[in-house]
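S.K.: here is my input, please return the structure:
(one chain, ligands or ions: 1)
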Amino acid sequence: SDPFPFYGEHQSGIVTPAQDRLHFVAFDVITKNRAELVELLQEWTAAAARLTQGKEAGSYGAVGGAPEAPPDDTGEALGLPASGLTLTIGFGASLFDERFGLADKRPAALADLPKFPGEQLIPEISGGDICVQACAHDPQVAVHAIRNLARIGFGKVSVRWSQLGFGRTSSTSRSQATPRNLMGFKDGTNNLKLEDADLLRDQLWASAQDGSDWMAGGSYMVTRKIRMAIETWDRTSLVEQEQIFGRDKGEGAPLGKKAEFDPVDFAAKGADGQPYIKADAHVRLAHPTANGNAHLLRRGYNFVDGSDGLGRLDAGLFFIAYQRDPRKQFVPVQMNLAKKDALNEYIKHVSSGLFACPPGVRDAGDYWGRTLF
Ligand code: HEM
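M.R.: Predicted coordinates:
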């Protein structure tokens, strides 16, 4: 398949039909020098423009440079195609502190997330000054891209944390079949999608009228690493599993309906006089009608980080969602879920990130974050 374009009005990797693999990284900036940071963003942009088109990170490549120097590409993707690689950058709130003179550019929508009931966040795997989301059909290609960006950034940034994901848990286009999460349910059925032009304009892309000119055409990304109590889940009955989500497991249809894409009817009642979709069902609480018409573009991945030493899979969902304003979208939805969702018994949020993803890079003379600096 053809590579996804790197240049454009918006960054790729947001409405791009979700690829199968993820390597997500959060960096801390260690240089104190603003010019050095800008130079790094320019170098990264040049490398990203090449990598996403299936080329090596630098123009000499893994074996074409001086033998005495470290190669400007690490080599493990030699011979592999672009594999649908997209690289999407975001800036965390901590970048807008006093170091780089960006404090007055911090968007209001990049307000710190509130504490949510039940979360158990680990600071070492949360936050970060800059993030890069690498998505591809081939994990080697995604890892190669992040590794080369980290190599290029040596001495200017350090890796704070990173996360591998396999198996997309959302479809972001109606051309895609809905995948399944590690609980075995179809995930992404009622997601915001590439084809929803009006909703994308209203709920995905930031606009200059929102208060931060430099973010026009960008979007805000929330990440949550959500650990699943897999073994407990696996001992839960099918009927209870289905009631927790409010959808059936085989087809993914809303309870009380037949087909996956049948509209959800929260008022419909079964023979017992009770609503098919219970008051604490995940889809009822997450639905736009329960949250002031807030939509999210979910773009998460399954993760299994091996086992935890106690015989349990260290596994779950690396949740990623894009939106125009987290204060009106992720925050109310997650607050609703954190308080009432039947799913809470089986999940634990352990990491959190919030990033302002700038608009797309226009052409070879432009760079990631130019409108900010
Ligand atoms: C819907 C799973 C966490 C927001 C769904 C669906 C599943 C699911 C199976 C139904 C299919 C679909 O429409 O996509 C999970 C799992 C989670 C999780 C396993 C944690 C491990 C979250 C979080 C949020 C969220 C943290 C946002 C704060 C939504 C939304 C919908 C949804 C907005 C669509 C509801 C609708 O409009 O029908 N989720 N989810 N989910 N989820 Fe989650």
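S.K.: tell me which stretches of the stretch 101-250 of the chain form strands.
M.R.: 130-136, 157-168, 219-228 (DSSP state E, counting those that start in this stretch).
S.K.: the ligand is nearest to which of these?
M.R.: Relative to the ligand, the nearest member of the strands of the stretch 101-250 of the chain by CB to the nearest ligand atom is strand 219-228, separated by 4.1 Å. Where you see a C-beta, it was placed from the backbone N, CA and C, and this is true even at glycine.
S.K.: which strands and helices sit next to that closest one?
M.R.: In terms of contacts (3 or more CB pairs under 8 Å, 6 or more residues apart in numbering; DSSP states H and E), strand 219-228 is packed against strand 130-136, strand 313-323, strand 347-357.
S.K.: is it possible to export those to JSON lines including mean pLDDT?
M.R.: Shown next, in JSON lines, are these (pLDDT from 0 to 100):
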{"stretch": "strand 130-136", "mean pLDDT": "98"}
{"stretch": "strand 313-323", "mean pLDDT": "98"}
{"stretch": "strand 347-357", "mean pLDDT": "98"}
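S.K.: which residues touch the residue in the stretch 1-150 of the chain that the ligand sits nearest to?
M.R.: Here the residue of the stretch 1-150 of the chain nearest the ligand is F116; by CB to the nearest ligand atom that distance is 9.0 Å. F116 makes contacts with Q334, M335, A338, H349, as judged by CB atoms under 8 Å, 6 or more residues apart in numbering.
S.K.: out of the strands of the stretch 101-250 of the chain, deepest packed?
M.R.: strand 130-136 (a mean of 27; mean count of other CB atoms under 10 Å).
S.K.: note down every partner strand of that strand and its orientation.
M.R.: Strand 130-136 has the following strand partners under DSSP bridges: strand 21-29 (antiparallel), strand 86-92 (antiparallel).
S.K.: tell me which of those is the most buried.
M.R.: strand 86-92 (a mean of 26).
S.K.: quick one: the closest residue to R299 other than its chain neighbours from the ligand, how far?
M.R.: Using CB to CB, 6 or more residues apart in numbering and skipping residues adjacent in sequence, the residue nearest R299 is I320, 4.6 Å away. Applying CB to the nearest ligand atom, to the nearest Å, the value for I320 to the ligand is 10 Å.
S.K.: what bridges to I320?
M.R.: Going by DSSP bridges, I320 forms beta bridges with T223.
S.K.: surely it touches L297?
M.R.: No: with contact defined as CB atoms under 8 Å, I320 does not reach L297; the gap is 9.0 Å.
S.K.: stretch 48-66: which residues count as buried?
M.R.: Under the neighbour-count criterion of 16 or more other CB atoms under 10 Å, stretch 48-66 has A48, A49, R50, L51, T52, G54, K55, E56, A57, G58, G61, A62 buried.
S.K.: cool, stretch 239-254 as well?
M.R.: Q241, E242, Q243, I244, F245, G246, R247, D248, K249, G252, A253, P254.
S.K.: output that stretch as CSV, restricted to C-alpha atoms.
M.R.: Provided in CSV are the C-alpha atoms of stretch 239-254 (Å, rounded to 0.1, in the frame of the first residue of the first chain):
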residue,chain,number,x,y,z
VAL,A,239,-24.0,-12.2,30.4
GLU,A,240,-22.3,-10.0,33.0
GLN,A,241,-19.5,-9.1,30.5
GLU,A,242,-22.2,-8.0,28.0
GLN,A,243,-24.1,-6.0,30.6
ILE,A,244,-20.9,-4.2,31.6
PHE,A,245,-20.4,-2.8,28.1
GLY,A,246,-24.1,-2.7,27.0
ARG,A,247,-23.3,-4.6,23.8
ASP,A,248,-23.2,-8.2,22.9
LYS,A,249,-19.8,-9.9,22.6
GLY,A,250,-20.2,-11.8,19.3
GLU,A,251,-21.8,-9.1,17.0
GLY,A,252,-21.1,-6.0,19.0
ALA,A,253,-24.8,-5.0,18.7
PRO,A,254,-26.3,-2.7,21.4
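S.K.: so which residues make contact with that stretch?
M.R.: 178, 183-186, 189, 233, 236, 238, 255, 258-260, 262-265, 276-278, 281-284, 342-343, 346.
S.K.: so which residue is dead centre in the chain?
M.R.: Nearest to the mean C-alpha position of the chain, by CA atoms, centre = their mean, lies I320 at 2.9 Å.
S.K.: so who does it touch?
M.R.: So I320 contacts F24, Q133, M221, V222, T223, R298, R299, G300, Y301 (CB under 8 Å, 6+ apart).
S.K.: now tabulate these in a markdown table and tack on distance to the ligand.
M.R.: Listed next are these as a markdown table, based on distance: CB to the nearest ligand atom, whole Å:
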| residue | distance to the ligand |
| --- | --- |
| F24 | 16 |
| Q133 | 17 |
| M221 | 13 |
| V222 | 8 |
| T223 | 10 |
| R298 | 6 |
| R299 | 12 |
| G300 | 8 |
| Y301 | 11 |
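S.K.: distance to N291 added to those residues, as CSV?
M.R.: Converted to CSV, the contacts of I320 look like this (distance: CB to CB, whole Å):
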residue, distance to N291
F24, 25
Q133, 24
M221, 19
V222, 14
T223, 19
R298, 14
R299, 19
G300, 18
Y301, 24
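S.K.: G127: which of those is nearest?
M.R.: T223 (9.8 Å; CB to CB).
S.K.: re the thing from before, ranking the helices and strands packed on strand 219-228 by burial, who's on top?
M.R.: Ranked by mean neighbour count, the helices and strands packed on strand 219-228 are led by strand 130-136 with a mean of 27 (mean count of other CB under 10 Å).
S.K.: just to revisit the earlier point, of the contacts of stretch 239-254, keep whichever come out buried.
M.R.: 178, 183, 185-186, 189, 233, 255, 260, 264, 276-277, 281-284, 342-343, 346.
S.K.: near the ligand, list only the ones from those residues.
M.R.: M183, F185, K186, T189, V264, H282, V283 (CB under 6 Å from any ligand atom).
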